[in-house]
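*Asks:* when you get a sec, could you give me coordinates for this:
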Amino acid sequence: MSLIRSVYAWLLLSLIMLPLFPVAFLVERLTGWRDPRRDHLRRFTASWISLYGWLTPLYRLRVEVRERMPRDGPYVLVANHESGLDVLALLPLRTPARFLAESWLFRIPLAGWLFRACRHIPVRIGDRESGRRALERAEGALAEGSPVAIFPEGRLSPDGLAPFRAGAFVLARRAQVPLVPVLLEGTGRAWRPGTLVVQGRHAIRIAILEPIPVRDVEAEEPEALAQRVRERLQGARQQRI
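*Replies:* The predicted model follows:
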């Protein structure tokens, strides 16, 4: 059954993704002149790819307190990182955020072009210089008015939150923008890291916590703020918000 589920999941994702590339190319060509930040292109691709999560019976997506998502303006979205499904889980929020994503994703045929066209930001995990350049590019995106999304654990943690790195919180403080914490729950059970096997049917929870305003971001040291956000996300796992 695991093999059948996995084949079905990857086939459905392929059927959704393949038509996206030529359509996204046309959207980019037709709207690029009036959308230099590519916010509309990112919203479009997020809505298209979200079909995968809503159509497959393998996942039951539940978004909690959607109204807490800012409607516009720059912010730093921070989420825990359970699985490779996490980006797909965030797309139903329809945020125009530019993701910090592992650099190897930008080398995949077609997908790499889409990552670059959407102006997502490559970073090599464990490479300090690459991380510094990625945060500089993220600061530039915020200065332009685009939000940025970061997984502050810096690695996959399917069985509990790992310590948060301070980079995302340094970035928010330097750019003077709010933080939007998002809890992802269930993606690590649905798709374990290191395997292509889909593990049965699972509910996936996407819970938006109360945003942290700029005044609080500026008032607290990034390391302490990272710990506080981690504790808030950990607490939200034990209750509905």
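*Asks:* and the gap between the closest residue to residue 153 other than its chain neighbours and residue 46?
*Replies:* Excluding the flanking residues, the one nearest residue 153 by CB to CB, 6 or more residues apart in numbering is residue 162, at 4.4 Å. Where C-beta positions appear, they are placed from N, C-alpha and C, glycine not excepted. Distance of residue 162 to residue 46, computed by CB to CB, to the nearest Å: 26 Å.
*Asks:* what about these two, which has more around it?
*Replies:* Using other CB atoms under 10 Å as the criterion, residue 162 and residue 46 rank with residue 46 on top: 20 against 15.
*Asks:* wait, doesn't the more buried one sit right on residue 91?
*Replies:* Yes - with contact defined as CB atoms under 8 Å, residue 46 reaches residue 91; the gap is 4.2 Å.
*Asks:* so which residue is dead centre in this structure?
*Replies:* The structure's the chain has its C-alpha centroid closest to residue 87; by CA atoms, centre = their mean the separation is 4.3 Å.
*Asks:* and residue 216, what helix or strand is that in?
*Replies:* Assigned by DSSP states H and E, residue 216 belongs to helix 214-219.
*Asks:* oh sorry, the question was meant for residue 22
*Replies:* Going by DSSP H and E, residue 22 is part of helix 2-31.
*Asks:* could you say what helices and strands the worst-scoring helix or strand of the chain on mean pLDDT packs with?
*Replies:* Here the helix or strand of the chain ranked lowest by mean pLDDT, DSSP states H and E is helix 187-190, holding a mean of 86. When contacts are defined as 3 or more CB pairs under 8 Å, 6 or more residues apart in numbering; DSSP states H and E, helix 187-190 sits against strand 202-208.
*Asks:* strand partners (parallel or antiparallel) of the strand it packs on?
*Replies:* strand 59-64 (parallel), strand 179-185 (antiparallel) (DSSP bridges).
*Asks:* was I right to think the residue nearest to residue 153 contacts residue 152?
*Replies:* No - judged on CB under 8 Å, residue 162 makes no contact with residue 152 at a distance of 9.2 Å.
*Asks:* surely residue 153 and residue 165 touch.
*Replies:* Yes - judged on CB under 8 Å, residue 153 makes contact with residue 165 at a distance of 7.3 Å.
*Asks:* count of residues packed around residue 49?
*Replies:* 18.
*Asks:* check the one 4 residues further on too.
*Replies:* Residues within reach of residue 53, counting by other CB under 10 Å, total 20.
*Asks:* for the one 4 residues further on, same thing?
*Replies:* Per other CB under 10 Å, the neighbour tally for residue 57 reads 8.
*Asks:* if I pick the residue nearest to it when sequence neighbours are not counted, what's in contact with it?
*Replies:* Once flanking residues are discounted, residue 57 sits nearest to residue 201: 6.7 Å by CB to CB, 6+ apart. By CB atoms under 8 Å, 6 or more residues apart in numbering, the residues touching residue 201 are 57, 58, 59, 60.
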